[in-house]
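[1] Output the structure for:
(chains A, B, C and D)
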Amino acid sequence: MIEELFFIEKQAYRKSPVHDIDARAKIILCFAAIVAMVAVPYSPVVFPVGLVFFLLFAILWALSRLSPLVYGKRVLMVVPFGFFLILVQIFVQNPYYTVYTSIADLPFGIHVYRESVEFASILFVKFLVSISFIILLSSTTRVQDLLEGAGRLGLPAEFSLVLGMMVRYIFVFGYITRKVGESLAARCFSPFDRNLPYRYRLRVLAYTIGTLFIRSYEQGERTYMAMLCRGYGRESHLYIRKKPLARRDLFFLLACMPVVVCTPVIAWLSSQGLL
Amino acid sequence: MHLIETRDLCHVYPGNVRGLDRVNFIAPRNARIAVIGANGAGKSTLFKHFNGILQPTSGTILIRGEPITRENVKEVRKFVGVVFQNPDDQIFSPTVEQDVAFGPMNLGLDGETVRHRVEEALRVVGITHLRNRVPHHLSGGEKKRVAIAGIIAMEPQVLVLDEPTAGLDPAGVRDLVDFVNSLARRFGMTVIYSTHDVSLVPEMADIVYVMDKGRIVASGTCREVFVQHEMLASVRLEVPVIPRLIGALRQEGVGISMAYTFDEAKNAFLEAFGRRG
Amino acid sequence: MHLIETRDLCHVYPGNVRGLDRVNFIAPRNARIAVIGANGAGKSTLFKHFNGILQPTSGTILIRGEPITRENVKEVRKFVGVVFQNPDDQIFSPTVEQDVAFGPMNLGLDGETVRHRVEEALRVVGITHLRNRVPHHLSGGEKKRVAIAGIIAMEPQVLVLDEPTAGLDPAGVRDLVDFVNSLARRFGMTVIYSTHDVSLVPEMADIVYVMDKGRIVASGTCREVFVQHEMLASVRLEVPVIPRLIGALRQEGVGISMAYTFDEAKNAFLEAFGRRG
Amino acid sequence: MIGLHIPDSFIPLLQAAVYWVIALVFIALSLRWARAEMREEKVPLVAVLAAGIFAIQAVNVPIPWGTSGHMVGAALAAIVLGSPFAAVFVLTLVLIVQGVLFGDGGITVMGANIINMGVIGGFVGFYSYKGLNRAIRNPYPAAFVAAWLSLFVSALACAVEMAIAGTFPLGLGLFSMGLYHAVIGVIEGAITTVALYLIVTARPDILPKESGVTA
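    Numbering: from 1, shown residues only, chains lettered A, B, ... in the order given. Next up is the predicted model:
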């Protein structure tokens, strides 16, 4: 995950119209899109809504000038558990349908149900749209800007300070883990080397993990001391300069938010025959 | 009244490890003070008493004539700024600007003043161009400057630097020496620093303290300290190469006057050769 | 056939950052090789190619005449031992002994041989008395030795040390210089190290490579390299103080022969004074 | 290990909100713990440690049948820092970063993930360690069981939440996730135990006095 961290950071440092937009605007849009997508009931209404949302995402991704391969790579990083949950759906029944029709009968009394396939597709669409917007947000916004944006949007001061320290030190420890890995390799150790006994490999990893724990604990002790030297107290918080939203950012929100808000409402109303 | 004064300062770490042993240390106004000693001699332990991070086991520490108390410790930390050895300990905010602003923020200054202080500190340290950068993309030397800027922004009158040249390359060391000298000259600050790179000391110290095993074993000007070759050797320090060379030549009967910095040495040698030639 | 040879070695880090630029480096048998350069000159990047931690973007690296492949990388790492700068990144076992045994264990040696190797490595590095200690509580210099012992125990023929003197005090530096010299003299090993402390180099190098911005900008013996004052200044390094002083005197017309180490200088000066006196 | 980060849309919005509310209560309590600790306040220390746990979770651990997994570390943090709230604090920070930066675990369901890995992982890990250690007077087996239990119960909770959400059947969820994590939990337990041993060897003073661990 450390190499992924550096990979994500690298994308976020590129330049594009989407990268340039204020973090606040992107946070609002992406979180709103996820909440809206999750809010749509588990019904085929999801499909048109998901399609519109995904198109919105695709347009923004194109504008961000990031390669589709980057998107693909990032999706693959997070999918295993979600895909497992979705895949299993087609074999099981769930409370959202009353009648099930089997479309394939497998040995051991396992059936594939049409309704379950539909439900799996619904989950898949919702899942994909949600992670796409998170990927968009973190691929086009630097971590420090995300944090500053969250602070300007009203994230409580104590959280921005704590999260800020976390953000700072994941990179410090990121480099440390990298170096630890290199020094293990220099002494011919690989956790995946099958010539070495499994228990031995596990013990070595446990020692390195214990060492990382101690080092981060001690880093915390030293940092705390350095903070005291600079007057750290209960009222301390992260310095976040005031900055009004630029016209461009407002325009971005004005262009995108109606899509996020109206699409699910319209889709739901029309599915209920109200439109 | 001295800016900092310790009287028979002792510090015993948990487990009966003696950190400091009857240390008497004085920091006058507008002085550049070097504290030299081998690793583990007690330099950092001493520095941590200067702003109340550690409390004396016995003895006294006086800041502007007053002991450090719960009530004045915040004032003391505004007055004595300590920069630690490893900048990663000290830079804990996501961006350079946020980090430098941390100290002023805690002083309860308003936004305008904080911005002004940050601006000024970045300028003094010469890193205005780094303000929006993240610390992990900086070089070791740049991080060191950020750490110093974070302290400078609190506008202390005494700046304490723990091993400021550790990990710097020759160009970085050169910049640091110039910076320390300019702080004393231009801003009238008192700068206290520790180092075991003795060759730098003649170029950037008015007063030298030599520490060993928690004690101060010698003090004085460079001239007074660096003639004591045996003492320095006994505390596992070296005499800088220039006085060592001149000392060795004088022992062989060469008539040359003592020198400490490069320029002094060059002149001394030219004079010696001239007189003889 | 050289122990290590690189031919037009280039390395580009992700994000198009150039780490190495057409580096041609040769490590002969039983040589002490210093790679000097400012921070960020590419010294560590070069070293990480020597044992296949990094792969070349273009160009070749040959270990005993052969490129590093998936199959021989373990052999290569046995042959070329790399000690990184910060010992904390390399030491993680509950005792010193276990830590030194780590490399030999990974080579799949039997218990008896591992014990023997550990014994020997501790002895060579001079830390037999620390064998049962918890590495965490050791001093910086002691940890450094443990890290070196951990590599020595794998019995490499080439020992690569990244900034071995970083953080050591003068006594520690002295010990390290002696240790490196003895490895070359007594065990016939090839030792490659990086440093920006140029004053050490004359005392512990047969060959010097100067790096700047990923390139090798000069190489040769100490004599050949340290006369190039402008070149060294242009890559942000310093000429060690002794040749610098003598150079300055020679420019002023003083008749003295060039010297690099302290003893050479002393003799040169005595001779110069003697001749003139 | 893999398989505990519930992604967005697997829990309906209303239920996710309920989990968020519960999680926020525990986050507030953990913040109070970090501030009111008797020796000194621990907010910065725990913030930095959270970054360390993030790095620890990034270490790839081989799993015998070929894939790789990673530590959760909730029990380890709770045991070493002597409070279940340490785990809540640390895991909350880690999950925020993983969720917002990586998309690992969703935004709306983050409350549920914090409850599973931080709250349940921390409380089960801490109290089972405490109880067992008092009973058998040996911290290492106690830590092993505690770490195993904390992962196992977290997995069961995860299965129950998704069953309530209607996105995964209860029986199959309990069985598959329970079984998987019962096996994987052995690795978490082993690493936690050995890491604890190393921490006790190097820094026995970190551990709380009443933990009964002596170097």
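[2] So which bits of the stretch 151-277 of chain B are right by chain C?
    Neighbours of chain C within the stretch 151-277 of chain B, by Cβ under 8 Å from any Cβ of the partner chain: B:166-172, B:196, B:198-199, B:236-238, B:241-242, B:244-245, B:248-249, B:252, B:254, B:262, B:265-266, B:269-270, B:272-273, B:276-277. Where C-beta positions appear, they are placed from N, C-alpha and C, glycine not excepted.
[3] Now a ChimeraX select for only the buried ones of the residues you listed.
    Remark: buried members of these, expressed as a ChimeraX selection using 16 or more other Cβ atoms under 10 Å in any protein chain shown:
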select /B:166,167,168,169,170,171,172,196,198,199,236,237,238,241,242,244,245,248,249,254,262,265,266,269,270,272,273
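[4] from the residues of the stretch 151-277 of chain B next to chain C, which ones fall inside helices?
    Using DSSP state H, B:170-172, B:241-242, B:244-245, B:248-249, B:262, B:265-266, B:269-270, B:272-273, B:276 are the members of these that sit in helices.
[5] pull the longest helix from chain D.
    Per DSSP H, chain D has its longest helix at helix D:170-202.
[6] So which bits of that helix are buried?
    Neighbour-count burial for helix D:170-202 [16+ other Cβ under 10 Å]: D:173-174, D:176-178, D:180-181, D:184-202.
[7] That helix near chain A anywhere?
    Yes. Residues of helix D:170-202 contacting chain A under Cβ under 8 Å from any Cβ: D:172, D:176, D:187, D:190-199, D:202.
[8] do you know how far B:Pro243 is from B:Glu224?
    12 Å (Cβ to Cβ, to the nearest Å).
[9] An error on my part: the question was meant for A:Val75.
    Taking Cβ to Cβ, one finds A:Val75 at 70 Å from B:Glu224.
[10] Can you show me the strands along chain B?
    With DSSP state E, the ranges of strands along chain B come out as B:4-13, B:17-27, B:32-36, B:58-63, B:66-67, B:80-83, B:158-161, B:190-195, B:207-212, B:215-220.
[11] which ones are touching the residue of the stretch 1-150 of chain A found nearest chain B?
    Per Cβ to the nearest Cβ, A:Gln144 is where the stretch 1-150 of chain A lies closest to chain B, at 4.0 Å. With contact set as Cβ atoms under 8 Å, 6 or more residues apart in numbering or on different chains, A:Gln144 has these partners: A:Val167, B:Pro94, B:Thr95, B:Gln98, B:Val134.
[12] Leaving out chain neighbours, which residue sits closest to it?
    Of all residues not flanking A:Gln144 in the chain, B:Pro94 sits nearest, at 4.0 Å (Cβ to Cβ, 6 or more residues apart in numbering or on different chains).
[13] Give me the phi and psi angles of that neighbour.
    Dihedral pair for B:Pro94: phi -70, psi -30, per degrees, to the nearest 10.
[14] Tell me the confidence at residue 16?
    As the question left the chain open, I've gone with chain A. pLDDT for A:Ser16: 93.
[15] Can you look at chain D instead?
    pLDDT, D:Ala16: 95.
[16] Quick check: which element contains A:Leu253?
    A:Leu253 is part of helix A:247-271, with elements assigned from DSSP states H and E.
[17] Contacts for that helix, please.
    A:20-22, A:24-25, A:28-29, A:32-33, A:36-37, A:39-41, A:43-45, A:48-49, A:52-53, A:56, A:60, A:275.
[18] and if we set it to 7 Å?
    Contact with helix A:247-271 is made by A:21-22, A:25, A:28-29, A:32-33, A:36, A:39-40, A:43, A:45, A:48-49, A:52-53, A:56, A:275, as judged by Cβ atoms under 7 Å, 6 or more residues apart in numbering or on different chains.
[19] follow-up on the earlier one: who has more neighbours out of B:Pro243 and B:Glu224?
    B:Pro243 (24 against 12; other Cβ atoms under 10 Å in any protein chain shown).
[20] That one - nearest residue in space that isn't next to it in sequence?
    Counting by Cβ to Cβ, 6+ apart, the residue nearest B:Pro243 is B:Phe226, at 5.1 Å.
[21] any low-confidence regions in chain D?
    Counting by pLDDT under 70, the ranges of chain D that qualify are D:1-3, D:37-40, D:66, D:210-215.
[22] can you give me the helices for it?
    Going by DSSP H, chain D shows helices at D:13-36, D:43-58, D:74-81, D:84-97, D:110-113, D:121-136, D:139-165, D:170-202.
[23] Now do the third one: which elements does it pack against?
    It refers to helix D:74-81. helix D:84-97, helix D:121-136, helix D:139-165, helix D:170-202 (3 or more Cβ pairs under 7 Å, 6 or more residues apart in numbering or on different chains; DSSP states H and E).
[24] and with 6 Å instead?
    Secondary-structure packing of helix D:74-81 (3 or more Cβ pairs under 6 Å, 6 or more residues apart in numbering or on different chains; DSSP states H and E): helix D:84-97, helix D:121-136, helix D:139-165.
[25] of those helices, which approaches chain B most closely?
    Comparison of the helices and strands packed on helix D:74-81 against chain B by Cβ to the nearest Cβ identifies helix D:84-97 as nearest, at 12.1 Å.
[26] quick check, distance from that closest one to the centre of its chain.
    Centroid separation for helix D:84-97 versus its chain: 8 Å, with Cα atoms, centre = their mean, to the nearest Å.
[27] roughly how far apart are the residue nearest the centre of chain D and A:Leu136?
    Against the mean C-alpha coordinate of chain D, by Cα atoms, centre = their mean, the closest residue is D:Ala74 at 2.8 Å. Applying Cβ to Cβ, the value for D:Ala74 to A:Leu136 is 30 Å.
[28] And D:Ala16, by the same measure?
    21 Å.
[29] So which residues of chain A form strands?
    Going by DSSP E, chain A shows strands at A:102-106, A:110-113.
[30] between those strands, which gets the lowest average pLDDT?
    Taking the mean pLDDT of these, strand A:102-106 comes last: a mean of 82.
[31] Could you list the paired strands of it along with their orientation?
    The pairing partners recorded for strand A:102-106 under DSSP bridges are strand A:110-113 (antiparallel).
[32] could I get the partner strand in PDB with only the CA atoms?
    Output of strand A:110-113 as PDB, limited to C-alpha atoms (Å, rounded to 0.1, in the frame of the first residue of the first chain):
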ATOM      1  CA  ILE A 110     -26.800 -24.400  -6.200                       C
ATOM      2  CA  HIS A 111     -28.900 -22.100  -8.400                       C
ATOM      3  CA  VAL A 112     -28.300 -18.900 -10.300                       C
ATOM      4  CA  TYR A 113     -31.300 -16.700 -10.000                       C
END
